[in-house]
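Engineer: just the structure for this:
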Amino acid sequence: MAKIVWTQEAEQWLLKIHDYIAHDKPATAFKVVESIYARAQILEQLPRLGQAFRTQSGRDTRILLWGHYRIVYLQTVHEEIHILGVFHGAMEIDRYLK
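Structural biologist: Have a look, this model is predicted:
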C-alpha cells in the first residue's frame, strides 16, 4: 500500500479552493475540500489510477480527476504518492508545475 504525502504547495491549493468557495458558500467549502482529500486517498490502493501527464519540465506525473478538479501527483520509487497540487479544470496546470 502506498503512502500519501501532501506537499505544502498542495495544502495551500486546498486552502485557496476552500477560501474561494467559502466566500459564497461557507458550508459547502469544507465539504468540497474534504471530498478532494477523500478522493486522493484511493491512491493508497491504486497508485496508477490517474492519467499519465508529462509536465513541460519533463516530470512524469499523474492526474486524478474529481469533479471540476485535477489532483496532480507523483509516484515515487519508495511507494509514496506525493500530491503536488489540486487545480480547477479550467487552469493551465503547466504554469504551476515546475
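
Engineer: which stretches in the protein count as strands?
Structural biologist: 3-6, 51-54, 60-66, 69-75, 80-88 (DSSP state E).

Engineer: could you dump the ones you listed to JSON lines with mean neighbour count?
Structural biologist: Heads up, the C-betas are built off the backbone N, CA and C, glycines and all. What follows is the strands of the chain, written out as JSON lines (neighbours: other C-beta atoms under 10 Å):
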{"stretch": "strand 3-6", "mean neighbour count": "16"}
{"stretch": "strand 51-54", "mean neighbour count": "12"}
{"stretch": "strand 60-66", "mean neighbour count": "17"}
{"stretch": "strand 69-75", "mean neighbour count": "22"}
{"stretch": "strand 80-88", "mean neighbour count": "21"}
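
Engineer: which one of the ones you listed lies nearest to Lys16?
Structural biologist: strand 80-88 (8.9 Å; C-beta to C-beta).

Engineer: what lines up beside the helix or strand of the chain with the lowest mean pLDDT in the sheet?
Structural biologist: Within the chain, confidence by mean pLDDT, DSSP states H and E is lowest for strand 51-54 among all helices and strands, at a mean of 86. Strand 51-54 has the following strand partners under DSSP bridges: strand 60-66 (antiparallel).
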